[in-house]
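Peer 1: The sequence and its predicted three-dimensional model are supplied below.
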Amino acid sequence: MEIQKGFDLVIGSRFLERNFYKPPFLRRLGIKFFAFLVSVITGQRITDPTSGFRAFSKRAIDAFCRYYPYDYPEVEAISYAKSSNLRISEVAVKMNKREEGRSSITPMKSIYYALKVTLSLLLKS
């Protein structure tokens, strides 16, 4: 993915274009919830806030050197980027269904993730 001219943070979105990737129901629900929450907080529509497929400009790297969330950072980093006046964009990426292995995010970690990220976003906005 190439950084788009004029943007500081470019997120690879699995949902901008129709593709064959369909996350499990609960994960999809969580992604939609965080997409809604971060879009409201930042005032910018974000379709895939949990995507870790990102490109950063030098300006973004400088900002994130000062602060970068360390525990499930994807969603919080978008909010921080916006509050740091970084320009954010999304580009469509294709993601294939997992063929092997398991997600590191277990049901218990999912509950922790949802609570932690929601509280963090609400308290920092």
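Peer 2: Looks like it arrived, so ask away.
Peer 1: Give me the pLDDT for the nearest residue to residue 71 once chain neighbours are set aside.
Peer 2: Take residue 71 and drop its neighbours on the chain: the residue closest to it by C-beta to C-beta, 6 or more residues apart in numbering is residue 116, 6.8 Å away. Where C-beta positions appear, they are placed from N, C-alpha and C, glycine not excepted. We have a pLDDT of 90 for residue 116.
Peer 1: Residue 116: how many residues sit nearby?
Peer 2: Other residues within reach of residue 116, judged by other C-beta atoms under 10 Å, total 16.
Peer 1: A helix includes it, no?
Peer 2: Yes. Under DSSP: H, G, I helix; E, B strand; the rest coil, residue 116 falls within a helix.
Peer 1: so how far is residue 91 from it?
Peer 2: Shown here: residue 116 relative to residue 91, a distance of 28 Å by C-beta to C-beta, to the nearest Å.
Peer 1: just residue 110 next, same as before
Peer 2: Taken as C-beta to C-beta, the span from residue 110 to residue 91 is 27 Å.
Peer 1: out of the two, which sits in the busier spot?
Peer 2: Between residue 110 and residue 91, counting by other C-beta under 10 Å, residue 91 is the more crowded of the two (17 against 14).
Peer 1: Give me the phi and psi angles of that one.
Peer 2: Here is the backbone geometry of residue 91 (degrees, to the nearest 10): phi -130, psi 150.
Peer 1: Thought residue 15 was touching it, still the case?
Peer 2: No. Look at residue 91 against residue 15 with C-beta atoms under 8 Å: they stay out of range, at 11.6 Å.
Peer 1: Mean pLDDT per helix and strand in this protein: which one sits at the bottom?
Peer 2: helix 107-124 (a mean of 87; mean pLDDT, DSSP states H and E).
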